[in-house]
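[1] Requesting a structural model of the entry that follows:
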Amino acid sequence: MAAGAALSPGHAVAAALAALILGTLAAVAWGAGGLSALTGWDWRAVWFTCWQALLSATLSAALAVPVARALARRRFAGRGVLVTLLGAPFLLPVIVAIMGLIAVFGRNGAINQALEAVGLPQVGIYGWQGVILAHVFFNLPLSVRLILQGWQDIPSERFRLAASLDFAPCDIFRHLERPMLRAVLPGVWLAVFLVCLTSFTVALALGGGPGATTVELAIYQAFRFDFDLGRAAALGLVQIALCVAALALARRIVVPAAFGAGMDAGPGV
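    So this is what the prediction gives:
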């Protein structure tokens, strides 16, 4: 049974794709000297990619928790429409959303005009702050939707039992909500981290320069402007290694909530 599962068509296709992608990148990178082809500027791009993805994912997940809790625990007019609109950033082309952010936070945007009117210094959107702002804008709604689904997966009987036992809000959080967040948040954080780790358009439009270049942008520059295939392949291997490391870390820290199935459905979206 185990041997049959190991030789299943899905495993075979996945192994073939991995060998094709990693083998091609490794061959090109090896011919160019491996990681020695990377310059100090490339390693700065790797460092910036890691810390901006870490900060963007952490901000998106942390800000999404109170929003998802409010949507899960409150009923109000327009709630369904609001939850549906959380998917709007994924429907917009990335460049359109970026132009919207520039219109609000750019040098001549509404925020800076208001700050100038009251005599305060303007805020800049170009650089690391713009990259993180755009990533949070795109990924906060995704985080809210995923965490909201986790809240709705808690059986309704648990909340009714907590109410019958006169649980305080802190008790509800400790016994019901914290185990759910412990199970859901690592996956949410990982999803956003991987999206930010492979960001290209956002970094191209709002980042750039030696201080705000991601690995994706460095690969593009190495291929498009320098035509250094070995360097581009080495950067690709580094990016794959970062994604695999993030997946391995998330797999180790995810703990199932183990609520079990409820007798009735939770509140609908």
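
[2] Could you state which residue of this structure sits nearest its centroid?
    Nearest residue to the geometric centre of the chain (CA atoms, centre = their mean): Val192, 0.9 Å.

[3] Touching the one helix or strand that residue maps to from outside, list them.
    Assigned by DSSP states H and E, Val192 falls within helix 178-197. The contact list for helix 178-197 (CB atoms under 8 Å, 6 or more residues apart in numbering) reads 49-50, 52-54, 56-58, 60-61, 64-65, 135, 138-139, 142-143, 146-147, 149-151, 153-154, 215, 239, 242-243, 246-247, 249-250, 253-259. For glycine as for every other residue, the C-beta is placed from the backbone atoms N, C-alpha and C.

[4] Once you drop chain neighbours, what's closest to Phe138?
    Closest residue in space to Phe138, ignoring its immediate chain neighbours: Pro89 at 4.9 Å, by CB to CB, 6 or more residues apart in numbering.

[5] do the same with Ala64
    Leaving out its chain neighbours, the residue that sits closest to Ala64 by CB to CB, 6+ apart is Ser143, at 3.5 Å.

[6] May I see the buried residues of the helix or strand containing the one you found?
    For Ser143, the host element (DSSP H and E) is helix 128-152. Neighbour counts over helix 128-152 (16 or more other CB atoms under 10 Å) mark 128-148, 150-152 as buried.

[7] so how far is it from its chain's centroid?
    Its chain's average C-alpha position is 7 Å from that of helix 128-152, according to CA atoms, centre = their mean, to the nearest Å.

[8] now swap in stretch 48-67 and tell me
    Using CA atoms, centre = their mean, the offset of stretch 48-67 from its chain centre is 7 Å.

[9] now stretch 71-88
    Taking mean C-alpha positions (CA atoms, centre = their mean), stretch 71-88 and its chain are 21 Å apart.

[10] Mind listing what's buried along it?
    Buried-residue list, stretch 71-88, by 16+ other CB under 10 Å: 71-72, 83, 86.

[11] for stretch 114-122, same thing?
    Buried residues in stretch 114-122, defined by neighbour count with 16+ other CB under 10 Å: Gln122.

[12] Likewise for stretch 167-185?
    So, applying 16+ other CB under 10 Å, buried residues of stretch 167-185: 167, 172, 176-177, 179-181, 183-185.
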